[in-house]
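In: here's my sequence, what's the structure:
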Amino acid sequence: MCLFKKKKEIKKDKPLNTKDKGEDIIYLKKPAKNACGGTTETLDRNAPKEIGSHSIKSFCVESCINNRTYGPDATDGTDCPYYIYAFAEPGQEGSFIYFECLEEPYEDSERTVGVAYVKEDVFPELDGLVRELGLVSENGHHSRTHGLPQDFGGSVLIRYESGEKISFSDNQAPIISKKSAIRLTSFFKKALKGRQLPLPDAEKLSSIEFEELRENGGFTRATLTFNPDGTGTNKKTSKYEDPTVYQSEKPVDAQTMTAIKKTVAEKRMFWWPSLPESEAKTVFNRRKTLTLVLDDGTAYKFSNAKELPDKIDRGFFNIELEMTTKH
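Out: Below is the predicted model of the structure:
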């Protein structure tokens, strides 16, 4: 359940200490040393309050909303959600969009989730909305209250092709206004209705190939074959620091194979090849890829470093786990 507190004003005239080494970041609030809990609040004095670029590279806004706000933030009665997660990025064939909305602040409340890869370019309009809502005004401000049981606020991260970005967060209080939430909800629900790219049927999968190349010359390769009776066969080859090459072949039950097809479909994994890569997700110099192969021989290959929402991105790990660890 989202509980809300009035967001405190930032007292920029009284920083608690000097900037971090190599960065122009000041502490507005900092817990005492070895203190349990407390709030860390920082401000990046180099964060721009104007963005020159109009080309959005990725857009992500997540926040609980103070639905009972009155005064300047009151609306004309338009319904406002209690939580939104709005994500968008340009792909090679259009605009990839993910939107999640929770109508009420309860665990069993209706949750709307939409995923689409539309042919329309939604980013000129989205850029205009970012400027209209004044999201850049809080740029560089981050507040984290330690020990909270859940995130009662959220975060904004908007990257531009120029390298500019808008980034701010607060896990204690809503980070966008009620009006902003309504406008973003309206925009994303409309965008989800665009002309979608075709999505192949996961039931036509014939095999999935996994490959991991490690820095020391080691590797893991696995091929999961879908059998006519609904079961599967997983063949794996691995090499680590020693010269020995390990091989295995194991059966996979029908229930697991059905779950894998469901993951491919729900996470829209056939769309992933034409989506951009995320430099931040390339970890420990390990390159991992999955290749989805249909019964007509069509192959869809992509890496584990795609710029995607966590709830979509975890689909890669779920399949990797089945092919490399469980079988």
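
In: check the spacing between Asp310 and Ala265 real quick.
Out: Applying C-beta to C-beta, to the nearest Å, one obtains 18 Å for the distance of Asp310 from Ala265. Every C-beta, even on glycine, is put in place using the N, C-alpha and C of the backbone.

In: please read the previous query as pertaining to Asp296.
Out: Distance of Asp296 to Ala265, computed by C-beta to C-beta: 17 Å.

In: mind giving me the packing neighbours of the helix or strand of the chain with the lowest mean pLDDT?
Out: Within the chain, confidence by mean pLDDT, DSSP states H and E is lowest for strand 25-29 among all helices and strands, at a mean of 90. Counting by 3 or more C-beta pairs under 8 Å, 6 or more residues apart in numbering; DSSP states H and E, the packing neighbours recorded for strand 25-29 are strand 39-44.

In: my read: Leu308 touches Pro276, true?
Out: No: when contacts are counted by C-beta atoms under 8 Å, Leu308 is not listed as touching Pro276 (9.5 Å).

In: who has more neighbours out of Asp310 and Ala265?
Out: Using other C-beta atoms under 10 Å, the more surrounded residue of Asp310 and Ala265 is Ala265, with 17 against 8.

In: doesn't that one fall inside a helix?
Out: Yes: with DSSP: H, G, I helix; E, B strand; the rest coil as the criterion, Ala265 is part of a helix.

In: quick check: Pro309 touching Tyr85?
Out: Yes: with contact defined as C-beta under 8 Å, Pro309 counts as touching Tyr85 (7.0 Å).

In: shared neighbours, the two?
Out: Contact with both Pro309 and Tyr85 is made by residues 60, 98, according to C-beta atoms under 8 Å, 6 or more residues apart in numbering.

In: picking up where we left off before, the more surrounded of Leu308 and Pro276?
Out: Leu308 (24 against 16).

In: ok, the more buried one - contacts?
Out: Counting by C-beta under 8 Å, 6+ apart, Leu308 touches 87, 98, 272, 275, 278.

In: report pLDDT for the third one.
Out: I take that to be Trp272. Listed pLDDT for Trp272 reads 98.

In: three-state assignment of it?
Out: Put simply, Trp272 is helix when judged by three-state DSSP.

In: so how far is Val156 from the closest residue to it other than its chain neighbours?
Out: Nearest residue to Trp272, sequence neighbours excluded (C-beta to C-beta, 6 or more residues apart in numbering): Phe302, at 4.1 Å. Separation of Phe302 from Val156 (C-beta to C-beta): 27 Å.

In: who has more neighbours out of the two?
Out: Taking neighbours as other C-beta under 10 Å, Phe302 and Val156 compare with Val156 leading, 24 against 20.

In: list the contacts of the more buried one.
Out: The contact partners of Val156, by C-beta under 8 Å, 6+ apart, come to 60-63, 135, 138, 166-169, 175-176.

In: show me what it is bridged to.
Out: Under the criterion DSSP bridges, Val156 forms beta bridges with Val61, Phe168.

In: stretch 314-327: which residues count as buried?
Out: Of all the residues in stretch 314-327, those buried under the rule 16 or more other C-beta atoms under 10 Å are 315-316, 319-320, 322-324, 327.

In: check stretch 99-119 too.
Out: Buried residues in stretch 99-119, counting neighbours by 16+ other C-beta under 10 Å, are found at 99-102, 105, 115-118.

In: go through those residues and name the one nearest Leu213.
Out: For the buried residues of stretch 99-119, the residue nearest Leu213 by C-beta to C-beta is Tyr117; the value is 28.1 Å.

In: can you tell me the helix or strand for the closest one?
Out: Remark: Tyr117 resides in strand 111-118, with elements defined by DSSP states H and E.

In: can you name the next helix or strand after that strand?
Out: Later in the chain than strand 111-118, the nearest helix or strand by DSSP H and E is helix 123-133.
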